[in-house]
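K.L.:
quick check, what structure comes out for this input:
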Amino acid sequence: MTSCALLFPGQGSQEAGMGRELAEARPEAMTLWKRAEAISGLPLREIYWEGDAAAMSDTRALQPALTVVNINLWRELAGKVRPCAAAGHSLGEFSALAAAEVLDPETVLQIVSLRGRLMAEADPDGTGSMAAILKMKQEDVEALAREAAVEADALLIVANYNTPAQFVVSGHRDAVALACQKAKEHRGRAIELKVSGAFHSPMMEKASRELEPLLRKAVWRKPQFPVYCNLHGRAVTDGESAKESLLKQMTSSVLWIETVRNQYADGVRRWVEVGPKAVLGKMVPACLNHLDEAARQELRVELVNSLESVKNFSA
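P.N.:
As a prediction, the model looks like this:
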């Protein structure tokens with residue numbers, strides 16, 4: 001079997017009907033849905049299989065549901081691939097840890113269910129917001145965020161470094177709006193995101209503190225393969241390092257460009273996105289845009305999102 005790096009998506013990858021075909025074909029997959037419903041206290045299958053768009057975007061339901069989809073797909077794929085590494089984007093990092101057997105699925109579902117609720121409740125007054133900033137260079141987005149924070153006298157940071165042309169700012173709503181205005185003035189593109197707060201920023205500090213006891217209580221095992229963390233973009237190879245990274249994840253930026261580039265530097269040439277739809281796989285070539293054409297031709301990116309795709313997967 002050829003080795004590859006697994007990629008697990010986070011919020012934004014949800015879609016109606018996700019995971020249903022696999023759950024109806026595999027009793028153990030359906031069991032994980034039921035377990036997630038019991039832990040979260042939410043009718044996840046009803047929300048996602050009936051396609052209620054408003055409910056599907058609620059992070060309280062989204063986090064356990066998407067995690068179930070990711071883990072079930074990985075379980076189906078596991079016998080056909082030999083991972084050399086894994087990474088997950090934000091919420092997806094917990095799926096990566098489950099795949100690497102750092103945390104067991106039951107513990108992961110407990111964590112993401114609480115995480116989703118805490119994040120949803122972290123900003124009851126709606127003072128926080130996020131926006132995607134596109135078609136601008138990293139240094140320009142960072143400068144823009146600093147300027148907007150100073151002028152609005154409010155918190156604003158670059159929360160997601162997704163690709164060299166795709167970033168997300170997070171912070172107080174006024175500062176986010178000002179950053180969007182400035183991006184357009186610099187011929188960039190800005191899209192305000194439909195989220196319930198300023199995720200991956202210091203505005204999640206209270207939620208992070210409330211999640212910490214559960215993270216510390218969990219049993220963190222040695223990864224079966226390296227997991228590259230959002231916090232610093234580097235691989236961790238022991239459970240304690242993974243835990244320390246996750247303790248800071250909710251209030252820190254997602255360094256996805258660094259993650260992909262470090263995987264490439266460590267020898268990864270094949271990536272398999274394990275999730276409902278193609279999101280992270282599209283980011284891989286963009287993150288590696290500094291390579292010459294010959295090196296880019298070596299890259300292989302695939303998506304596993306259904307029973308059929310697992311069946312057709314070539315090891």
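K.L.:
list the contacts of the residue nearest the centre of the chain.
P.N.:
Against the mean C-alpha coordinate of the chain, by CA atoms, centre = their mean, the closest residue is residue 89 at 2.5 Å. For residue 89, the residues meeting the contact criterion (CB atoms under 8 Å, 6 or more residues apart in numbering) are 7-10, 230, 254, 256, 279-280. C-beta here means a position set from N, CA and C on the backbone, and glycine is covered the same way.
K.L.:
can you put those residues in TSV and add secondary structure?
P.N.:
Below are these laid out as TSV (DSSP: H, G, I helix; E, B strand; the rest coil):
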residue	secondary structure
7	strand
8	strand
9	coil
10	coil
230	coil
254	strand
256	helix
279	coil
280	helix
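K.L.:
and the two most separated of those residues?
P.N.:
230 and 279 (15.0 Å; CB to CB).
K.L.:
quick one, which of the two is more surrounded?
P.N.:
The residue with more neighbours, out of residue 230 and residue 279, is residue 230; 28 against 18, by other CB atoms under 10 Å.
K.L.:
my read is that that one contacts residue 248, right?
P.N.:
No: look at residue 230 against residue 248 with CB atoms under 8 Å: they stay out of range, at 9.3 Å.
K.L.:
low-scoring stretches of the chain, by residue?
P.N.:
Applying pLDDT under 70 to the chain picks out residues 1-2.
K.L.:
show me what contacts the residue of the chain positioned farthest from its centre?
P.N.:
Taking CA atoms, centre = their mean, the residue of the chain most remote from its mean C-alpha position is residue 151, at 30.6 Å. With CB under 8 Å, 6+ apart as the criterion, the residues that contact residue 151 are residue 178.
K.L.:
and for the one 4 residues further on?
P.N.:
In this structure, residue 155 makes contact with 149, 171-172, 175, 198, 201-203, judged by CB under 8 Å, 6+ apart.
K.L.:
how near is it to residue 197?
P.N.:
12 Å (CB to CB, to the nearest Å).
K.L.:
any common contacting residues for the two?
P.N.:
residue 203.
K.L.:
need the three-state assignment for the residue farthest from the centre of the chain.
P.N.:
helix.
K.L.:
which residues does the closest residue to residue 9 other than its chain neighbours contact?
P.N.:
Nearest residue to residue 9, sequence neighbours excluded (CB to CB, 6 or more residues apart in numbering): residue 275, at 4.0 Å. Shown in contact with residue 275 (CB under 8 Å, 6+ apart): 7-9, 13, 66, 69-70, 73, 92, 95, 303, 305.
K.L.:
apply 10 Å and report the result again.
P.N.:
Residue 275 is in contact with 7-10, 13-15, 18-19, 66, 69-70, 73-74, 88-89, 92, 95, 281, 303-305, counting by CB atoms under 10 Å, 6 or more residues apart in numbering.
K.L.:
any idea how far it lies from residue 111?
P.N.:
Taken as CB to CB, the span from residue 275 to residue 111 is 18 Å.
K.L.:
repeat that for residue 206.
P.N.:
In terms of CB to CB, residue 206 sits 17 Å off from residue 111.
K.L.:
settle it for me: which of the two has more neighbours?
P.N.:
residue 111 (23 against 13).
K.L.:
shouldn't that one be in contact with residue 97?
P.N.:
Yes: shown here, residue 111 and residue 97 form a contact pair, counting by CB atoms under 10 Å, at 9.3 Å.
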